[in-house]
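Asker: Sequence unavailable; structure follows:
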DNA sequence: TCATCCACCTGAAACGTTTACGGAGGCTTC
DNA sequence: GAAGCCTCCGTAAACGTTTCAGGTGGATGA
């Protein structure tokens, strides 16, 4: 094959003939097999470099029967909830691992009703060796599908209610929100509003449970008027806070599922002439996104923090290990979020 | 090949023998070649469906010499400026086009000093048929590299100073900022602060030019104290506004390169007890991101808007057409941003 | 001295498609 | 009735690797 400039792409056979060796030996030399003389190996490696030889990926894939690629299937229609800010950072973490291991990362944007077909396709056409499942819902059907077709996968998050065991990497959302709630309770807050994500998402459910567990333990009644659940946008955060602050017994503290919601809450607080951290406390869940930093040297928001980029890295590593040993028992990795102190929390004011 | 359940993957040869036909005919029938009887074609298609046959992508790629994939190379180290919120939406738009055309989208996360090597690799190993270049800098060296190695590409944005012609899709950033500035000038504003992105990025330069062009035309002097340039984060927006509002002659209007900066500016305004849209005007550039909406029914910020998702779609289409006809002359697509009126602008107050 | 073994290398098949080339049979055309 | 054409299909080579099954020559051991 030639590129448009007529320079022929060097291939195995040609390189071998230049060296006066068989393709077999050259291949083995380059791939580090033992049955080749050290001297000839060096000769081969040098020649490969000199002639700028790169093995053709398409041929390797066909010959080995491996795709050397992993897939990330992104549902499209589900408005924003997945194609969300999280995603870019997760991908960055995972992609780093892939390229370090010679794997390609394939992104499939797919209408969400076609997601199952997409998995089957990726599998049977042999485009990928495994996939990462994003944004699991409670009782997510994709897990069964993937088990059925035998495509290795790792879930970022968990799908409670799934009867099957599977590989996952997740943050301990319940515990994070429990701790954050306890912290606010310790500061004397009782009217704590939860500004949650959409509660058909698994992580949102766990967060609410963590919140109410903490409230229950301290025997503080959960007021449904203080609970909200919506897409994690600035506007929704603002709206939720407007509501919670206008109650007869207004909220004195907020627990937000995302940075963006937290920004909306802050706007509502300041819009009322109050000051965050003094009049009203706020804790957010901070995914440590590269372009949405929680302050610089000193954090603005008190937050439970867990890097989604790191989660991407871990998920990718787990997936590669599953691909290497498909019959190993399911792996789990539960990450603990750290509670970091910012300027957005303070003791509850005497009423 | 068998999957882990022992079900053999159907392949061409087997399907052909089941049908009593040659692989050639079956292949032709499935790929819509004319030299096959309509009746047998139907028979083949039916059998393919019945036996759940999917052609092996690896074999197709090797046989045809095409990768059926396009690459997006994302520089990693450049702190945040690229792995930015824009990215997810752009990818969503592009990926949609790819999957509709049977192409895979490959993401390469690569340390930015290794980017050139990454392109060479993608090319010579045959993993992709073309690439999209993201976030061009002024006089971006990548363009020369890609021309050299003969890999089809489309740039999202432009790299001024490049002496070569190349394919690009870009927003008319200069014009958008010129119009926005004119609009503020028409409202009577004279102290207009520009909260720009990092000015080694091409788009940021163009935006500044648009801004100063408008100022010059109206013979309003550009005060360097009102210009700032930094990563497009909320915090930087806040900082820039704090500064511009604390000048002896404070800014009465802001022009922000991004939504996040705009949010920071708003926070600074409201933090001073002023009201956005009445006391201080703000215009942002709105990339129409799916998770960072500018209000819902009625926009919050007055903005110059251009959907980055749409840009992704157009870039992808252009790239596929370039791949199909590599020797066609370079294509350009300049998108005009629309100026939409929100609640963040109003007439300048009498001093 | 001869069988055995080891280190190193080769030939050829395989992976699952596409596609250049060819060929058989029926139909037109004169 | 033969030449030519068209329709439909098959054979086999290609794509560029990996890898199985050997093979050669020299060293080793009895």
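Answerer: On my side now, so go ahead. Only a predicted model underlies this, so the values are computations on that prediction, with no experimental measurement involved.
Asker: mind listing the strands for the stretch 251-351 of chain A?
Answerer: Taking DSSP state E, counting those that start in this stretch as the test, the strands found in the stretch 251-351 of chain A are A:253-256, A:281-286, A:302-305, A:332-335, A:338-340.
Asker: pLDDT on the second one, on average?
Answerer: Yep, that's strand A:281-286 we're talking about. Averaged over strand A:281-286, pLDDT sits at 98.
Asker: So in that sheet, which strands flank it, and in what orientation?
Answerer: Using DSSP bridges, the strands paired with strand A:281-286 in its sheet are strand A:253-256 (parallel), strand A:302-305 (parallel).
Asker: mind checking which of those strands is nearest DNA strand C?
Answerer: Proximity to DNA strand C (C-beta to the nearest atom of the strand) singles out strand A:302-305 among the strands paired with strand A:281-286, at 46.9 Å. Just so you know, the C-beta spots here come from the backbone N, C-alpha and C atoms, and that holds for glycine as well.
Asker: contacts for that closest one?
Answerer: Contacts with strand A:302-305, where a contact means C-beta atoms under 8 Å, 6 or more residues apart in numbering or on different chains, come from A:176-177, A:179-180, A:183, A:281-288, A:294, A:337-345.
Asker: Which among these count as buried?
Answerer: Buried members of the contacts of strand A:302-305, scored by 16 or more other C-beta atoms under 10 Å in any protein chain shown, are A:176-177, A:179-180, A:183, A:281-288, A:294, A:337, A:342, A:344-345.
Asker: where exactly do the helices run in the stretch 51-200 of chain A?
Answerer: In the stretch 51-200 of chain A, the helices defined using DSSP state H, counting those that start in this stretch lie at A:57-64, A:85-100, A:115-125, A:141-149, A:173-186.
Asker: Tell me the confidence at the residue in the stretch 251-351 of chain A positioned nearest to DNA strand D?
Answerer: Among the residues of the stretch 251-351 of chain A, residue A:324 lies closest to DNA strand D, at 13.7 Å counting by C-beta to the nearest atom of the strand. Reading off the confidence values, residue A:324 has pLDDT 95.
Asker: what's the answer for residue A:260, then?
Answerer: Each residue has a pLDDT score; the one for residue A:260 is 93.
Asker: which residue packs closest to it, ignoring adjacent ones?
Answerer: Excluding the flanking residues, the one nearest residue A:260 by C-beta to C-beta, 6 or more residues apart in numbering or on different chains is residue A:234, at 4.8 Å.
Asker: Hmm, that neighbour is touching residue B:264, no?
Answerer: No - contact criterion C-beta atoms under 8 Å: residue A:234 and residue B:264 do not qualify, at 11.9 Å.
Asker: Without its sequence neighbours, what residue ends up closest to residue A:247?
Answerer: Leaving aside its sequence neighbours, residue A:247 sits nearest to residue A:225 (C-beta to C-beta, 6+ apart; 5.9 Å).
Asker: Same list, the strands paired with strand A:281-286, but as JSON lines with mean neighbour count and mean pLDDT please.
Answerer: Below are the strands paired with strand A:281-286 laid out as JSON lines (neighbours: other C-beta atoms under 10 Å in any protein chain shown; pLDDT from 0 to 100):
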{"stretch": "strand A:253-256", "mean neighbour count": "30", "mean pLDDT": "98"}
{"stretch": "strand A:302-305", "mean neighbour count": "25", "mean pLDDT": "98"}
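Asker: May I see those strands arranged in CSV, with distance to residue A:52 as well?
Answerer: As requested, the strands paired with strand A:281-286 are arranged in CSV below (distance: least, C-beta to C-beta, whole Å):
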stretch, distance to residue A:52
strand A:253-256, 53
strand A:302-305, 46
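Asker: Of all those, which one comes closest to residue B:12?
Answerer: When the strands paired with strand A:281-286 are compared by C-beta to C-beta, strand A:302-305 sits nearest residue B:12, at 52.4 Å.
Asker: and that closest one, how far from the chain's centre?
Answerer: The gap between the average C-alpha position of strand A:302-305 and the chain average comes to 18 Å, counting by C-alpha atoms, centre = their mean, to the nearest Å.
Asker: Spell out the secondary structure type for residue A:34.
Answerer: Classification of residue A:34 by DSSP: H, G, I helix; E, B strand; the rest coil places it in coil.
Asker: coming back round to it: and of the helices of the stretch 51-200 of chain A, who's closest to DNA strand C?
Answerer: Of those, nearest to DNA strand C by C-beta to the nearest atom of the strand is helix A:57-64, at 3.8 Å.
Asker: can that closest one be found next to DNA strand D?
Answerer: Yes - Helix A:57-64 reaches DNA strand D (C-beta under 7 Å from any atom of the strand) through A:58, A:59, A:60, A:62, A:63, A:64.
Asker: Buried ones among those?
Answerer: Buried residues within the residues of helix A:57-64 next to DNA strand D, counting neighbours by 16+ other C-beta under 10 Å: A:58, A:59, A:60, A:62.
Asker: Tell me the one of those nearest residue B:167?
Answerer: Lowest distance from residue B:167 to these (C-beta to C-beta) belongs to residue A:58, with 24.9 Å.
Asker: can you pull the contacts of that closest one?
Answerer: Contacts of residue A:58 (C-beta under 8 Å, 6+ apart): B:58, B:61, B:62, B:65, B:67, B:126.
Asker: Out of these, which is nearest to DNA strand D?
Answerer: residue B:62 (4.1 Å).
Asker: so the closest one touches residue A:64, yeah?
Answerer: No - Residue B:62 lies out of contact with residue A:64 (C-beta under 8 Å); the separation is 11.9 Å.
Asker: now the strand or helix carrying residue A:46, how far from the chain's geometric center?
Answerer: If you go by DSSP states H and E, residue A:46 is part of helix A:38-50. Relative to the centre of its chain, helix A:38-50 is centred 41 Å away, using C-alpha atoms, centre = their mean.
Asker: Same question for stretch A:187-205.
Answerer: In terms of C-alpha atoms, centre = their mean, the centre of stretch A:187-205 is set 20 Å apart from its chain centre.
Asker: One more: stretch A:106-114?
Answerer: On C-alpha atoms, centre = their mean, the centre of stretch A:106-114 falls 17 Å from that of its chain.
Asker: got the buried residues for it?
Answerer: A:106, A:107, A:108, A:109, A:110, A:114.
Asker: Excluding chain neighbours, what is closest to the fourth one?
Answerer: What it means is residue A:109. Among residues not flanking residue A:109 along the chain, residue B:95 sits closest, at 3.3 Å (C-beta to C-beta, 6+ apart).
Asker: burial of the one you found, as a residue count?
Answerer: By other C-beta atoms under 10 Å in any protein chain shown, the residues close to residue B:95 number 27.
Asker: Give me the neighbour count for the closest residue to residue A:66 other than its chain neighbours.
Answerer: Nearest residue to residue A:66 in three dimensions, chain neighbours excluded: residue A:129, at 5.9 Å (C-beta to C-beta, 6+ apart). Residue A:129: 24 surrounding residues under other C-beta under 10 Å.
Asker: so residue A:129 sits right up against residue A:323, yeah?
Answerer: Yes - between residue A:129 and residue A:323 there is a contact under C-beta under 8 Å: 4.8 Å.
Asker: Show me how far stretch A:37-44 is from its chain's centre.
Answerer: For stretch A:37-44, the distance to the chain centre is 43 Å (C-alpha atoms, centre = their mean).
Asker: Buried ones in that stretch, by neighbour count?
Answerer: Within stretch A:37-44, the residues that qualify as buried are A:41, A:43, A:44, counting by 16+ other C-beta under 10 Å.
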